[in-house]
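> take a look and give me a structure for this.
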Amino acid sequence: MEQLKSFGRELAMGSQGGSSKEFLDLVKSIGEARSKSEEDRIILRELETLRRRLSEPDIPRRKMKEYLLRLAYAEMLGHDASFGYIHAVKMAHDDNILLKRTGYLTVALFLDEGHDLIILIVNTIQKDLRSDNYLVVSAALVAVCKLISEETIPAVLPQVVELLGHPKEAVRKKAVMALHRFYQRSPSSVSHLISNFRKRLCDNDPGVMGATLCPLFDLILEDANSYKDLVVSLVGILKQIAEKRLPTTYDYHHMPAPFIQIKLLKILALLGSGDKQASNHMYTVLTEIFRKCDSSSNIGNAIIYECVCCVSSIYPNSKLLDAAIEATSKFLKSESHNLKYMGIDALGRLIRINPDIAEEHQLAVIDCLEDPDDTLKWKTFELLYKMTKSTNVEVIVDRMIDYMINITDSHYKTEIASRCVELAEQFAPSNQWFIQTMNKVFEHAGDLVNPRVAHNLMRLIAEGFGEDDEGADTQLRSSAVDSYLRILGEPKLPSLFLQVICWVLGEYGTADGKYSASYIISKLCDVAEAHSSDDTVKAYAVSAIMKIFAFELAAGRKVEMLPECQTLIDEVSASHSTDLQQRAYEFQALLGLSPQTIENVMPPDASCEDIEIDKSLPFLSNYINQAIENGARPYISESERSGTASTIAVASASQYQHDTSSVHSLKFEAYDLPKPRGPAPSIQSSSMSSLPTISSDLVPVSEATYTTREEQQNPKVQTLADQISAEIGVRLRLDGVQKKWGRQTYSSPSAPSTSSSSSTQKPSNGMVTSETIRENTLDSRKQQIPEVSAEKQRLAASLFGKKAAEKKTQAGTRRPVKEIQPAVATSAPEPLKEDKVIVPAVPPPDLLDLGEPSETATQTIDPFKQLEGLLGPGAGSDVASGPGPSVSAVTTTDLMSLATDMPPIIDSKSSDKGLISSTMTKKGPNVKDALQKDATARQVGVTPTSNNPNLFKDLFG
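Okay, the predicted model is just below:
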C-alpha cells in the first residue's frame with residue numbers, strides 16, 4: 001500500500017511540474033494546426049529543443065521523464081526521435097518504479113524486436129523478473145510481450161515459467177500472457193510447456209483462468225482432438241459463471257464475466273464441431289445461457305450471438321436450434337443496425353443446417369437489403385450468396401449488380417463482381433441470360449473483373465450449349481454479336497470487355513451473313529483507333545480483322561481493304577511493340593496465300609477443337625543424332641534433372657561429359673524446375689494461338705465466409721450438418737412444440753409456478769376463457785404487425801420461392817397466426833374421442849377460494865370441477881381442494897372419472913356429450929354470462945358466500 005501511495009505522489013508531482021505546461025502547449029498547438037505542414041514545423045521545432053536539452057548534463061529525472069514522453073509523442077506522429085532512444089533504455093534501468101515503467105513504455109514505442117539496443121533491455125528484463133517487488137515484475141512481463149524476439153525467448157523463458165507459481169495473481173496472469181506471446185512468435189520454443197496452460201485453467205483466480213483461455217483457443221484451433229478431454233471442465237466453468245458464482249467484480253452491466261463466457265463459447269464451438277458425445281455435455285449449459293441472458297444490453301446480446309454461433313457449430317439439437325432461431329428473430333426485428341447485422345450473420349450460419357429457416361425471415365432480409373447502411377446491405381448480400389439456387393439466381397444477381405453500380409469502393413466492387421460471376425456460372429438458367437449478365441458485369445465493374453471471367457465467356461460462346469443443337473448455338477452467337485455491336489456505341493468501355501468484343505466479332509461477326517465484312521472491319525478499326533494507347537486491345541482488333549479476311553477469302557469472297565484498315569496495319573507495322581508488328585506481318589502474309597491454304601491455316605469456328613501435339617518431336621531425331629556425333633551433350637530428361645531418375649543414367653551422362661571435354665568449362669546443368677501447376681482452362685485453336693495470353697489468376701475469396709464452388713456444384717454431396725439433420729429428423733417448424741424460450745405468452749412446465757405464469761396471465765380467482773384469450777392474442781398481433789407492401793411480397797416470392805410466398809407470414813414470425821395456440825396452453829391438444837375427452841392442461845385458477853381451507857372440506861364435492869370443459873377446450877383446469885400439485889403442474893382431466901362422484905341429479909352413465917347437453921338444458925341459455933359475471937365480481941374483490949343465491953342457482957338449476 002505504501003508503494004501505491006508513493007506511486008500516486010510521484011505521478012501527481014510529475015503532472016504539476018514546471019515542464020508540464022510546455023508539454024500541454026505542445027499538444028494544444030498540434031491540435032490547432034490547420035495543415036500537415038504546420039504540424040510538421042511544430043514537431044521539428046520541438047525535436048530541436050529536445051535534442052538541445054537532452055545533451056545537457058545532469059538532467060533531473062522528473063524532467064527526463066517528460067522529455068521522453070514528448071519524444072514519444074513526436075515519434076507517434078511519424079518523426080524520427082532516434083537521438084533519444086538511449087535515454088529511454090537508461091530510464092528502464094532506474095530503480096524508481098514510476099520512472100522504470102515510463103522507460104519500458106517509451107522503449108516499447110521506440111524500438112522493435114530487431115533493434116540493436118534490445119540486447120541492453122534483455123539484461124534489464126532478466127534482472128526485473130527476479131525482483132521481489134511484484135510491480136517491477138509486472139512491468140517487466142508487460143515489456144516481454146512487446147520486446148522479446150524469437151532469438152531472445154530462451155533468455156527469459158525459464159524465469160517466465162517460474163513466475164506461473166507466483167503468489168500474486170496479477171503476476172501469474174501476466175506470465176500466462178507472456179507465454180502466449182512466445183507461442184505466437186515461436187510455437188516450437190514453448191511446445192514442451194503446453195501442459196502449463198492446462199494447469200493454469202484450474203487456477204483459483206478467475207483472472208488467471210480467463211487469461212489461460214486465450215492460448216488454449218489458439219491451441220485448440222490447431223488441433224481440437226487433443227483437447228477433447230477439457231470439454232467437461234470447460235462446461236463446468238461456464239456453468240459456474242452462468243450461475244453467478246464468481247465475484248461481482250467480474251460483472252459487466254450486470255452480466256457475470258461476459259468476456260470469459262464469450263471465449264468459452266468459442267472454444268466449445270470448436271470442440272463440439274461434429275462430435276455428438278462432446279456436444280451432449282454442452283446442451284444443458286447452453287440452454288441455461290439462452291434462458292438467463294439479458295437481451296436489453298449490448299453485452300447480453302453479444303453472449304446470445306455467441307451462443308447462436310456455438311449452436312450452429314456443434315452437433316445439432318432441435319431445442320437449441322429453436323432457441324437460436326428465436327434469438328435470431330429478435331435480432332432481425334430490432335431497430336439497431338448492429339443487432340440486425342448480428343441477425344443476418346447468425347441466419348447465415350443457421351441456414352447451413354436447415355435452409356428453410358431463411359424463409360421464415362424473408363421480409364426481414366428484404367428490409368436489410370433495402371437499408372441505407374452499406375455494411376448491413378453487404379452482409380445481407382453475403383447471406384443471399386449462401387442461399388442462392390437455380391430458382392432465385394436471377395433476382396439475387398440483378399440486385400447485386402444494382403448495388404455494384406451505386407458504390408464507388410473498388411474493393412467491394414471487385415467482391416460483388418466476383419460473386420455475380422460465380423453465381424452466374426453455377427446457376428445460370430440459360431446461356432443468353434449468362435451472356436447478358438456478364439455484359440452488365442463487364443460494363444459496370446470494368447477492369448476489376450478477373451481476366452479468367454473473360455476467358456470463360458469466350459469459351460461458352462464458342463462451345464455453345466454443348467449439345468447437338470446447332471441452331472441454338474448459332475442463335476446464341478448471333479445474339480452475342482448483336483449485343484456487342486450495340487454496346488460498342490457506349491463510351492468508356494473497360495479494356496477487358498473490349499477484348500471479349502473484338503474476339504467475338506472476329507470469330508462470329510460474319511458467320512450468319514447478317515452483317516457484311518466491311519461493316520465489322522470498320523467497327524474494329526474504330527475500336528483500335530479509340531484505344532490507340534492500349535496495345536492489348538489493338539492486338540485483339542488486328543487479330544479479329546485478320547480472321548474476317550481469312551474466313552471471307554477461304555469462302556471465295558473478295559474483301560475490300562478499307563482505308564482506315566490499311567492505315568491501322570501500317571501504323572501497327574511500325575509500332576514499338578514486337579507483338580503488334582508480328583500480327584501485322586502475319587496479316588500481310590496471309591493476304592498473299594491461296595484460299596485453300598488460308599482455310600487450312602485458319603479454319604472457321606475451330607476455336608474449341610483440340611490440337612494433337614506429339615511431345616516426342618520425332619521429326620527432329622536426325623538433327624539430334626547428327627549434333628551428338630559432332631560432340632554435343634545428350635539431353636537429360638526432366639525426371640533426371642529433378643533427381644528422381646536412376647543415378648546410373650546421371651553418372652553415364654557425367655562420364656560422357658568428362659570424356660568429351662578435357663578442359664575446364666562452365667556447368668550448364670539446369671536448376672530444379674518448379675512443380676507444374678494444374679492445367680488452366682484455355683481455348684485451344686489455331687485462331688487463338690495468335691491472341692494475347694489470358695491470365696488465369698483467381699480473385700481471392702474468403703474461405704471462411706463463403707462456400708467453395710465444388711460444394712455448390714455438387715448438390716448431392718451433403719455436409720456433415722445436413723447428414724446429422726437428416727439423421728435425427730430436425731424440423732424446425734413443429735406445430736404444438738412446447739416453447740421454452742421466446743415470447744412470454746408461452747409458459748414453461750419446468751419453470752417455477754410463481755414468475756412466468758403469473759407475469760403473463762393473472763387469473764386471480766376469476767375465469768379466463770379460451771375465446772377471450774384467442775381474441776386478445778389476435779388483436780394484439782394485428783396491432784403489432786404492419787402491412788407488407790405488394791412489392792416486398794413479390795420480391796420475397798422471387799428470392800425464397802413460391803412455397804414461401806404462399807405462407808402469408810410476416811417478417812420474422814415463427815408460425816402463421818392460425819397456428820398460434822391460446823396463451824394458457826402448454827402442449828398441443830389432442831383430438832376428441834367418443835369415449836374420452838382430453839382437455840389441455842393449464843395452470844389451474846382457484847375458482848372457489850371461499851376462505852381458509854378446513855380439514856372437513858376435503859371430501860366435499862366441487863361443482864366447478866364437475867363442469868370442466870363446459871366453456872371450451874381452453875377454460876377447464878384441475879382445481880385441487882386441499883393438498884395437491886402446484887399451480888404450474890401439468891395434468892390431464894378426464895371428465896368420465898368425475899361421473900361417479902357427481903350429485904344424483906346428473907346421470908353418471910351418460911356419455912360426455914349427453915352429460916354436457918343435459919347440464920346445459922337445466923342451466924338455461926345464459927350459463928356463460930352468469931359465470932363470467934361472477935368471475936368479474938370475484939376479480940374486483942367480491943368473495944361469494946353461501947348466501948349468494950345467483951351462483952348456486954346457476955350451478956344446480
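> from here on, contacts and neighbour counts on C-alpha atoms
OK.
> now the strands for the protein?
251-252, 255-256 (DSSP state E).
> how about the ones you listed, which one is nearest His576?
Nearest to His576, of all the strands of the chain, is strand 251-252, at 70.3 Å by C-alpha to C-alpha.
> for the record, mean pLDDT for the closest one?
Rounded to a whole number, the mean pLDDT of strand 251-252 is 93.
> ok so, going back, just put the strands of the chain in TSV and tack on distance to Val365 and mean neighbour count.
Output for the strands of the chain, formatted as TSV (distance: least, C-alpha to C-alpha, whole Å; neighbours: other C-alpha atoms under 10 Å):
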stretch	distance to Val365	mean neighbour count
strand 251-252	32	14
strand 255-256	30	22
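> using TSV, lay out the ones you listed together with distance to Val449.
As requested, the strands of the chain are exported to TSV (distance: least, C-alpha to C-alpha, whole Å):
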stretch	distance to Val449
strand 251-252	47
strand 255-256	48
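> closest to Ile267 out of these?
strand 255-256 (18.1 Å).
> quick one: contacts of that closest one?
Here strand 255-256 makes contact (C-alpha atoms under 8 Å, 6 or more residues apart in numbering) with 241-242, 244, 246, 248, 250, 293-294, 299-300.
> just the buried members of these?
Among the contacts of strand 255-256, those classed as buried by 16 or more other C-alpha atoms under 10 Å are 241-242, 250, 293-294, 299-300.
> let me know the closest of the contacts of strand 255-256 to Leu617.
Closest to Leu617, out of all of those and judged by C-alpha to C-alpha, is Ile299, at 71.5 Å.
> ok, so what distance separates the closest one from Ser621?
78 Å (C-alpha to C-alpha, to the nearest Å).
> repeat that for Ala139.
77 Å.
> where in the stretch 551-700 of the chain is pLDDT low?
For the stretch 551-700 of the chain, applying pLDDT under 70 flags the ranges 608, 610, 642-700.
> do a quick rundown of the helices in it.
563-573, 578-591, 595-601, 621-629, 638-641, 647-660 (DSSP state H, counting those that start in this stretch).
> would TSV of these with distance to Tyr305 be doable?
Converted to TSV, those look like this (distance: least, C-alpha to C-alpha, whole Å):
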stretch	distance to Tyr305
helix 563-573	63
helix 578-591	58
helix 595-601	65
helix 621-629	71
helix 638-641	55
helix 647-660	62
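> Asn96: which of those helices is closest?
helix 638-641 (66.2 Å).
> more neighbours: Ala139 and Ser621, which one.
Ala139 (22 against 11; other C-alpha atoms under 10 Å).
> contacts only, for that one.
101, 104.
> looking at the protein, which helix or strand does the model trust least?
Sorting the helices and strands of the chain by mean pLDDT, DSSP states H and E puts helix 756-760 at the bottom, at a mean of 39.
> return the distance of Asn315 relative to Ala346.
Just to correct that, residue 315 is Tyr rather than Asn. Counting by C-alpha to C-alpha, the gap from Tyr315 to Ala346 is 16 Å.
> kindly report the same for Ile396.
20 Å.
> look at those two and report which has more neighbours.
The residue with more neighbours, out of Ile396 and Ala346, is Ala346; 25 against 21, by other C-alpha under 10 Å.
> ok, how many other residues are close to Lys199?
Residues near Lys199, counting by other C-alpha under 10 Å, number 12.
> show me what contacts the closest residue to Ala424 other than its chain neighbours?
Leaving aside its sequence neighbours, Ala424 sits nearest to Phe434 (C-alpha to C-alpha, 6 or more residues apart in numbering; 6.1 Å). The contact partners of Phe434, by C-alpha under 8 Å, 6+ apart, come to 424-425, 428.
> ok, 10 Å please
394, 421, 423-425, 427-428, 440, 457, 460 (C-alpha atoms under 10 Å, 6 or more residues apart in numbering).
> of these, closest to Leu350?
Leu423 (20.9 Å).
> and Ala790, how far from Leu363?
Distance from Ala790 to Leu363, by C-alpha to C-alpha: 11 Å.
> the two: who's more crowded?
A direct count of neighbours by other C-alpha under 10 Å for Ala790 and Leu363 places Leu363 higher, at 24 against 9.
> pLDDT score assigned to that one?
Confidence score, pLDDT, at Leu363: 81.
> same check on Lys266?
96.
> surely it meets Leu238?
No - with contact defined as C-alpha atoms under 10 Å, Lys266 does not count as touching Leu238 (11.6 Å).
> those two: which is more packed in?
Taking neighbours as other C-alpha under 10 Å, Lys266 and Leu238 compare with Leu238 leading, 24 against 18.
> so what's the more buried one closest to, chain neighbours aside?
Per C-alpha to C-alpha, 6+ apart, closest to Leu238 is Gln261, 6.4 Å.
> before we move on, back to that, so for Lys266 and Leu238, which residues contact both of them?
In contact with both Lys266 and Leu238: Ile260, using C-alpha under 10 Å, 6+ apart.
> how about the helices of the stretch 551-700 of the chain, which one is nearest Pro451?
helix 578-591 (19.5 Å).
> helices or strands next to the closest one in the packing?
helix 535-554, helix 563-573, helix 595-601 (3 or more C-alpha pairs under 10 Å, 6 or more residues apart in numbering; DSSP states H and E).
> quick one: the first one to helix 578-591, angle?
Using axes from the mean of the first three to the mean of the last three C-alpha atoms, to 10 degrees, one finds that helix 535-554 and helix 578-591 are set 10 degrees apart in direction.
> Leu105 is in contact with Val142, isn't it?
Yes - here Leu105 reaches Val142: they are 9.2 Å apart, a contact under C-alpha under 10 Å.
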